[in-house]
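Colleague: Structural data only, the sequence is not supplied:
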């Protein structure tokens, strides 16, 4: 189905993408602040199986990587449709340009992070890397690919997104020319990994295959107007479906916890996107939308630096002790840090 230009109210716009990235950033901060291994840094009045109850509340957000990858695949495909580039080589060139844009901010924040942890007296760069090669690999965003040490453990996602961008030309062509086989094939991949590689990120090089699935689904959503079709569905029907999906989400999250797997996060991410899109269209809380769009527009820089605070400056992050206060405080710290970093970054770019 091709949408006409009169379907603007149903389009999934760049602001919609930023809105979901904003939600994903909040999920990311919540997960990294209150995971099980940080339970001794904050008060928890209720324990479950020896872990703070709030740690279990991070479960709905643990598919944040799949959400980001779906949105990335969608965004790249939308960009390609607006600026048609024929041929895989031309698309690959564009992918390299996009990767370079990502890497410039990655390098800038990486250098600032290295300076902060070194002069903060928390760690020396030599304590992380055994040689220059390991540091170069980390600066290239490929530490996860080569299983090398990294200054920030959250940067493993950089390897995933670099590979996804490089595979975009092939993925886009396959989705466009063979949509059904690609969709069926990606589902088969998920179930293969669920059987053989379900326990955490331990599958080595094969691990990258499972993370390409949500990226491909994002391309699929763009090419076949999945978000627009959701919006064309009557709101009453969407709300009924959302209630059903919410009931379905709970047992799936419990199953995820029991199996200790991230493999079917892509399905959970799709359910969450559907529910959140319905809530966004039905509630229409303008100030909240604007705030989430703002966060989404700054999600990349916040992703790059937030874990540095948590890993190396925990007393600064958790001094308020109570989870809700910690979360609101740290969100404010991240917004302020982002403003400072981006001011310095653009000032440096203008001076070069």
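Modeller: That came in fine, so what should we check first? All values reported here derive from a predicted model rather than from experimental measurement.
Colleague: Now do the end-to-end distance for stretch 172-183.
Modeller: Start-to-end span of stretch 172-183 (Cα to Cα, to the nearest Å) is 12 Å.
Colleague: next one: stretch 227-244
Modeller: 18 Å.
Colleague: what is the rounded mean pLDDT of it?
Modeller: Per-region confidence: stretch 227-244 scores 84 on mean pLDDT.
Colleague: do stretch 341-352 as well
Modeller: For stretch 341-352, the per-residue pLDDT averages 89.
Colleague: Return the distance of that stretch from the chain's centre.
Modeller: Chain-centre distance of stretch 341-352: 25 Å, with Cα atoms, centre = their mean, to the nearest Å.
Colleague: Next: stretch 52-69.
Modeller: Worked out by Cα atoms, centre = their mean, stretch 52-69 lies 11 Å from the chain centre.
Colleague: residues near residue 352, how many?
Modeller: 4 (other Cβ atoms under 10 Å). Where C-beta positions appear, they are placed from N, C-alpha and C, glycine not excepted.
Colleague: 762 is where my numbering starts, stick with that
Modeller: OK, 762 is where the count begins now, so the last one is residue 1113.
Colleague: Could you measure from it over to residue 869?
Modeller: 11 Å (Cβ to Cβ, to the nearest Å).
Colleague: cool, residue 1076 as well?
Modeller: Distance of residue 1076 to residue 869, computed by Cβ to Cβ: 26 Å.
Colleague: Between the two, tell me which one has more neighbours.
Modeller: A count of neighbours by other Cβ under 10 Å puts residue 869 above the other of residue 1076 and residue 869, at 18 against 7.
Colleague: Quick one: residues contacting the more buried one.
Modeller: Contact analysis of residue 869 by Cβ atoms under 8 Å, 6 or more residues apart in numbering lists 1102, 1105-1106, 1109.
Colleague: Show me the longest helix that occurs in this protein.
Modeller: If you go by DSSP state H, the chain has its longest helix at helix 849-880.
Colleague: Could you tell me the average pLDDT over that helix, please?
Modeller: So the average pLDDT for helix 849-880 ends up being 91.
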